[in-house]
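Participant: fold the following and give me the result.
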Amino acid sequence: MKPNLVFFGSPEFSATILESLIKLNTINVVGVVTTPDKPSGRNLSLLPSPVALISGKYNLPVYKPHQLDEANLAHLKLLKPDIFLIVSFGKMIPETYIKTPTIGIFNIHFSLLPKYRGALCISEAIKNQDEITGVTLLEMDNLLDHGPIISQAKITVDINDNVATLTKKLTQTAIVLLADKLPEICAGNYSKTAQDETKVVFTPSHKTLNRESAFISFNKILAAQNGSDAKKVHATIRSLNPDPGAWTTIDGTNVKIISTSLVDNKLILNRIQLSGKSPISWKQYLSGHPLP
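Facilitator: Coordinates of the predicted model:
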């Protein structure tokens, strides 16, 4: 019999990985745990997470607990889980949950652990101008991104990758990694290596990634256009896009910076957006808003 897997996750990339697992012959996805529906739009209608939507598509049992308590765990135990797989669920997993599945509890993390433990692992790799990042499959314990590593896969960070494009690359890498390693996990025949605690790098709290922290002074952008810290500014902008979105002020007007590039180590503004307007090229902007 194929082992029973319960999937924990919420965002779009997590939903993509879930759908890939549903189509595998290696395991049975028997249930999904995701975040509660969130108010959205002007009418504040409750919107299910992308993972919940995929679960509905395949008629899987979906649990949306506000907290991972013993009452919710009792429901999951009825599914007779052999494996719990965590892919960006957003909550710490209690010890009682960790001990529940018969084979084990595992996590997909978008960095080469022990570097970049925490939620901002993708944006930090871009901001720090890393040329290589990757995906880690690890066995979970009760500490943040701390458990032993089962496997890792490396990918290249392109000079123009932002968080969205790099997330897509990492997602596809994770799908391939899971397809390769899940049979070993299901058979209980996998090796693991403890993380080197001397090389741990923690990311900042996800709460630090907000509109205020996404502001970049226009003086710094002008300097980068002339070659001063151009790579650093380009990396910072990419690490903030598409969400919350890098922005600046020009003559008192807020301007969203959609995309930039580097030419001869100088920053090039490609596309920007004024509040309430459609995105335009920097050249179009300058034609109507010449700089002093």
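Participant: can we go C-alpha only for contacts and neighbour counts from here?
Facilitator: Fine.
Participant: name the helices or strands packed onto the lengthiest helix in the chain?
Facilitator: With DSSP state H setting the assignment, residue counts place helix 163-186 as the longest helix in the chain. If contacts are counted by 3 or more C-alpha pairs under 8 Å, 6 or more residues apart in numbering; DSSP states H and E, helix 163-186 sits against helix 12-22, helix 121-127, strand 132-139, strand 149-156, helix 230-240.
Participant: what sits closest to Asp130 if chain neighbours are left out?
Facilitator: Val157 (6.8 Å; C-alpha to C-alpha, 6 or more residues apart in numbering).
Participant: so where's the stretch 1-150 of the chain shaky on pLDDT?
Facilitator: 41 (pLDDT under 70).
Participant: quick one on the thing from earlier: distance of the residue nearest to Asp130 relative to Ser239?
Facilitator: Distance, Val157 to Ser239, by C-alpha to C-alpha, to the nearest Å: 12 Å.
Participant: the more surrounded of those two?
Facilitator: Each of Val157 and Ser239 had its neighbours counted (other C-alpha atoms under 10 Å), and the higher figure belongs to Ser239 (29 against 19).
Participant: on the pLDDT front, check that one for me.
Facilitator: Reported pLDDT at Ser239 in the predicted model: 98.
Participant: what do you get for the one 5 residues further on?
Facilitator: Per-residue pLDDT puts Pro244 at 96.
Participant: circling back: select, out of the helices and strands packed on helix 163-186, the one closest to Ala179.
Facilitator: Proximity of the helices and strands packed on helix 163-186 to Ala179 was assessed by C-alpha to C-alpha; the nearest stretch is helix 12-22, lying at 7.9 Å.
Participant: Leu18 against Phe7, yeah?
Facilitator: Yes - the pair Leu18 and Phe7 qualifies as a contact (C-alpha atoms under 8 Å) at a distance of 7.2 Å.
Participant: where is the longest strand in the chain?
Facilitator: The single longest strand within the chain, with elements called by DSSP state E, is strand 253-263.
Participant: other SSEs contacting that strand?
Facilitator: When contacts are defined as 3+ C-alpha pairs under 8 Å, 6+ apart, strand 253-263 packs onto helix 230-240, strand 247-250, strand 266-274.
Participant: among those, which is the most enclosed?
Facilitator: Here the criterion is mean neighbour count by mean count of other C-alpha atoms under 10 Å, and of the helices and strands packed on strand 253-263 the winner is helix 230-240, at a mean of 24.
Participant: quick check: the residue nearest to Asp130 touching Gly134?
Facilitator: No - Val157 is not in contact with Gly134 according to C-alpha under 8 Å; the separation is 9.1 Å.
Participant: need the helices and strands packed on helix 163-186 in JSON lines (columns: distance to Glu70).
Facilitator: Converted to JSON lines, the helices and strands packed on helix 163-186 look like this (distance: least, C-alpha to C-alpha, whole Å):
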{"stretch": "helix 12-22", "distance to Glu70": "25"}
{"stretch": "helix 121-127", "distance to Glu70": "30"}
{"stretch": "strand 132-139", "distance to Glu70": "22"}
{"stretch": "strand 149-156", "distance to Glu70": "28"}
{"stretch": "helix 230-240", "distance to Glu70": "38"}
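Participant: pull the number of nearby residues for the nearest residue to Ala235 once chain neighbours are set aside.
Facilitator: With C-alpha to C-alpha, 6+ apart as the criterion, Ala235 has its nearest non-adjacent residue at 4.9 Å, and that residue is Lys127. By the other C-alpha under 10 Å criterion, the neighbourhood of Lys127 contains 20 residues.
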